[in-house]
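K.L.:
following is a predicted model, sequence given first.
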Amino acid sequence: MNSTLNENFDCTQLISFKWEEKEKPSLNDVNLFESIGFDVLMDDSIRQVKKEYFKTYDCEYFIELFNQEFSGEFEDWLVYDAPPLLILQFVDAMNLFISANDFKDFKIFISFFSESGVSTNHSLLVNSSELLTALFLMSKNNFDVWADNLIINILD
């Protein structure tokens, strides 16, 4: 049995995409996230428990966009039409990052708390143009979805 199953983690953001190559992917515009305050960790630098929790297939490459304070932005997001600046910057950076790379099976994970068998996940499929709407599901003022983690599958 894998020892990571009893571990947990919180307050992080990850992205993943299908990657069947042996070498690390060459990514365009990953520095966009660093410029808005995220530490970028590539697959081999990410704690295994995080990858195991969100893993959906074998050839999945993960990138962690670490900013311990980012989840607090969702608590401050009271009205859909008035998102905090960092969330707007995150959406802009994500859309530029997606358009600058040729991804297959691209997913975004927003984790407030993750522990196998304990936490709840909500998954949805959206176009990248609907990312802001999807992220609002994690706002404390959203009453449609209550989940510890949001999994956004990008269609385009």
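P.N.:
Now that the structure is in, tell me what you want to look at.
K.L.:
which residues does residue 154 bridge with?
P.N.:
residue 126 (DSSP bridges).
K.L.:
residues contacting it?
P.N.:
Residues near residue 154 by C-beta atoms under 8 Å, 6 or more residues apart in numbering: 98, 103, 106-108, 126-128, 131. The way it works is simple: take the backbone N, C-alpha and C, and place the C-beta from them, glycine included.
K.L.:
confidence score at it?
P.N.:
On pLDDT, residue 154 comes in at 95.
K.L.:
from residue 7, how far out is it?
P.N.:
Distance of residue 154 to residue 7, computed by C-beta to C-beta, to the nearest Å: 28 Å.
K.L.:
check contacts around residue 79.
P.N.:
Counting by C-beta under 8 Å, 6+ apart, residue 79 has contacts residue 141.
K.L.:
where does it land in three-state SS?
P.N.:
At residue 79 the chain is in coil, as set by DSSP: H, G, I helix; E, B strand; the rest coil.
K.L.:
with residue 62 instead?
P.N.:
The local conformation at residue 62, judged by three-state DSSP, is strand.
K.L.:
ditto for residue 50
P.N.:
Assigned by three-state DSSP, the conformation of residue 50 is helix.
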